[in-house]
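J.: Quick one: sequence and predicted model below, then my questions.
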Amino acid sequence: MSEELIIEHCSPTLAGIKTGSLFSVKITEETDIDREVREINMLLRDKGLRMLPLKKTDEYALIYLYRPSYLKKDLKDPVAVSILKKRGYAIKDPECCIVQLVRHLKSDPGFPHEIGLFLGYPPSDVACFIKSPCDGVKCCGCWKAYSEPEKALATFARFKDCTENYHVMNRNGKSLAQLAVVTG
């Protein structure tokens with residue numbers, strides 16, 4: 001997978017302003033997704049980042065890049081805990097929740113919309129989306145916002161600016177490892 005692909009879909013996570021990002025990678029005969037993920041993890045682990053393949057088919061792999069320390073904090077939110085418990089998650093630790101998310105991705109007929117919690121989306125917006133995706137939407141960007149539209153729009157703009165800036169810095173010679181910031 002190319003640095004450009006990761007930058008396009010994960011810049012806010014690399015910059016430390018977002019918990020996690022998802023993107024898909026097309027599988028070809030030459031693709032060794034497990035090796036590529038291992039290499040990225042070696043490159044970024046000291047920056048507080050981790051990459052996992054959440055789902056693999058013959059055609060694509062769904063990749064999750066995230067900050068474990070952010071996810072741990074996000075999944076302690078009472079609304080997030082409630083959503084996950086209702087969906088059958090045992091709230092032991094973030095890694096356990098990720099394993100359960102992988103199971104949901106493999107076995108559920110639909111897409112597990114609680115995945116927004118793993119991406120740092122506001123739990124109240126995730127809850128509203130699960131309840132009724134179209135009712136009460138105030139604005140759309142990376143996610144559908146049902147409350148605090150000004151805050152959501154500012155976050156969407158921040159993510160967009162970050163991605164544009166990261167593309168420019170990468171074109172000017174900064175590597176993925178140089179673009180990833182260290183966070184706690």
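T.: Everything's here; your move. The structure displayed is predicted, hence computed values, not measured ones. Numbering: from 1, shown residues only.

J.: check which helix or strand covers Asn41.
T.: helix 33-44 (DSSP states H and E).

J.: Check which residues of the helix or strand just after that helix are buried.
T.: Next helix or strand after helix 33-44 toward the C-terminus (DSSP H and E): strand 50-56. Using 16 or more other Cβ atoms under 10 Å as the burial criterion, the residues of strand 50-56 that qualify are Arg50, Met51, Leu52, Leu54. In this view, the C-beta of every residue, glycine as well, is placed from N, C-alpha and C.

J.: Spatially nearest residue to Cys10, not counting backbone neighbours?
T.: Ser21 (4.0 Å; Cβ to Cβ, 6 or more residues apart in numbering).

J.: secondary structure class for that neighbour?
T.: strand (DSSP: H, G, I helix; E, B strand; the rest coil).

J.: And for Ala61?
T.: strand.

J.: okay, it: pLDDT?
T.: According to the prediction, Ala61 has pLDDT 93.

J.: can you count the residues close to Leu105?
T.: Leu105 has 14 neighbours, counted by other Cβ atoms under 10 Å.

J.: Which residue comes closest to it once chain neighbours are left out?
T.: Lys55 (4.6 Å).
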